[in-house]
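1. sequence-free structure coming up:
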């Protein structure tokens, strides 16, 4: 395929800049963006409060490899950073300055690396960070046309989510091998989660799926195999035809992870559901019916 | 503007490719993690031994027994990390990465658990190590690491990580 052909195909599958934007698409995109703004504010202030309790950097992440983020641990400086992120997110949402989301992303990254400098790396907020990155790039690259900002942001997200999930599946095959979905591995993870849940809640009760997986090795292997398969299929998000199926499969995979390992990726689930549901088509349908009634 | 969509398409694809290159570079040079980009290494290494942490409250007046134990015979009641606003993951990772339990490490753990310690309660931090044995059975051992009170922290003297 030539470069021009590749660009044309990528445009068709991910962006579709030439197609006029419908009312439903505008409404959905602004609601989605507003939700990302709210979640970003929530994370910023939650992280800022936690950062004030941290005493030492155990594992520097990202920019923390080059900057001493311990300065944010004292004198409420993490709250100043959260305030900057909040203002920048609102300015970005209102389209007052095309660089606002980029400033917010930088601040959010600093808060993240400060918050997670204790060692454990959280992936729960990755989709929120990626969404801010998507709107930051869109605002900087397409400031002359708002519809293109939105089209780029969603195309970018499908591209990055696809890479993220497929690479996660490949990492499992590279790190462990084709026996990754074995029942013994399932049992070892349930053992680990037993300690984690006991630590988190002070007590542990196995879930129905954990009990099933421990009692029936075939069930454990089947559930892990499904998860691995759907992760590997992540790049299906790049293509219009396979996208809805992959989105539904990924939601099922996340719900399965929650039920078997008690790890809830709530933001991933909500974002994937929003992208899977035909919300913009429903808004267009309602608007069309309303127009017909008026006639 | 007839050529605008084409310009936008080229710009968008260039941004994707550039971003992908930056993604690969940052993730490759930062242990697989450069938020909000990561390779999601969770669960990649199946079957490997794991290490987590658990805090228990010692009964009043109880002496610490520093030898390893099992989940069925804990020396005290498990305490919920949520109740004190501490992340379980943070505590476990802190235990995994702390090579020497010096004053700073003990102070961090006391700071995290201060809401409970200031009530005069005595806590014991346990390190949980799990692995699969030759028959595929999960074995979990819990080793006391640190006894914490409102006034001090005592590191398990039998551990090589003890340095105080």
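-> Yep, it's here. Just so you know, these numbers come straight off a predicted model, no measurement behind them.
2. and the helix or strand containing residue B:94, which residues are buried?
-> Under the criterion of DSSP states H and E, residue B:94 resides in helix B:88-97. Of all the residues in helix B:88-97, those buried under the rule 16 or more other Cβ atoms under 10 Å in any protein chain shown are B:88, B:89, B:90, B:91, B:92, B:93, B:94, B:95, B:96. Just so you know, the C-beta spots here come from the backbone N, C-alpha and C atoms, and that holds for glycine as well.
3. Nearest to chain B: which residue in the stretch 51-200 of chain A?
-> Nearest residue of the stretch 51-200 of chain A to chain B (Cβ to the nearest Cβ) works out as residue A:129 at 2.5 Å.
4. With the flanking residues excluded, which residue is spatially nearest to that residue?
-> Among residues not flanking residue A:129 along the chain, residue B:36 sits closest, at 2.5 Å (Cβ to Cβ, 6 or more residues apart in numbering or on different chains).
5. Also residue A:269?
-> Counting by Cβ to Cβ, 6+ apart, residue A:269 lies nearest to residue A:254, which is 4.9 Å off, once chain neighbours are set aside.
6. that older thread, does the helix holding residue B:94 reach chain A?
-> Yes: against chain A, helix B:88-97 shows contacts by Cβ under 8 Å from any Cβ of the partner chain at B:88, B:89, B:90, B:91, B:92, B:93, B:94, B:96, B:97.
7. Which elements pack onto that helix?
-> In terms of contacts (3 or more Cβ pairs under 8 Å, 6 or more residues apart in numbering or on different chains; DSSP states H and E), helix B:88-97 is packed against helix A:183-201, strand B:50-57, helix B:103-112.
8. The closest residue to chain A within chain B: neighbouring residues, count only.
-> Residue nearest to chain A within chain B (Cβ to the nearest Cβ): residue B:36, separated by 2.5 Å. Residues near residue B:36, counting by other Cβ atoms under 10 Å in any protein chain shown, number 22.
9. do the same with the one 10 residues further on
-> Taking other Cβ under 10 Å as the criterion, the count of residues near residue B:46 is 19.
10. before we move on, what about residue A:218?
-> 9.
11. counting contacts, what elements does the helix or strand harbouring it pack onto?
-> Secondary structure from DSSP H and E places residue A:218 in helix A:217-232. Secondary-structure packing of helix A:217-232 (3+ Cβ pairs under 8 Å, 6+ apart): helix A:146-175, helix A:183-201, helix A:208-215, helix A:243-261.
12. Just list the residues touching the spatially most central residue of chain A, thanks.
-> Residue closest to the average C-alpha location in chain A (Cα atoms, centre = their mean): residue A:127, at 1.7 Å. For residue A:127, the contacting residues are A:161, A:267, A:268, A:271, B:36, by Cβ atoms under 8 Å, 6 or more residues apart in numbering or on different chains.
13. which SSE is it in?
-> Applying DSSP H and E, one finds residue A:127 within helix A:126-141.
14. quick one: that helix to helix A:146-175, angle?
-> Helix A:126-141 and helix A:146-175 are oriented at 140 degrees to each other (axes from the mean of the first three to the mean of the last three Cα atoms, to 10 degrees).
15. pLDDT below threshold where in chain B?
-> Chain B contains residues with pLDDT under 70 at B:1-5, B:39-42, B:160-164.
16. Strands of that one, residue ranges please.
-> Ranges of strands in chain B, per DSSP state E, are B:33-34, B:37-38, B:50-57, B:77-78, B:123-132, B:138-148, B:153-155.
17. what about those strands, which gets the closest to residue A:143?
-> strand B:37-38 (23.9 Å; Cβ to Cβ).
18. Just name whatever secondary elements that closest one is in contact with.
-> When contacts are defined as 3+ Cβ pairs under 8 Å, 6+ apart, strand B:37-38 packs onto helix A:126-141, helix B:4-29.
19. Out of those, which is the most enclosed?
-> helix A:126-141 (a mean of 23; mean count of other Cβ atoms under 10 Å in any protein chain shown).
20. for the record, mean pLDDT for that one?
-> Helix A:126-141 carries an average pLDDT of 95.
21. Same check on stretch A:234-243?
-> 95.
22. got it, and stretch A:95-113?
-> 95.
23. Is there any residue in it that contacts chain B?
-> Yes: contact of stretch A:95-113 with chain B (Cβ under 8 Å from any Cβ) involves A:109, A:112, A:113.
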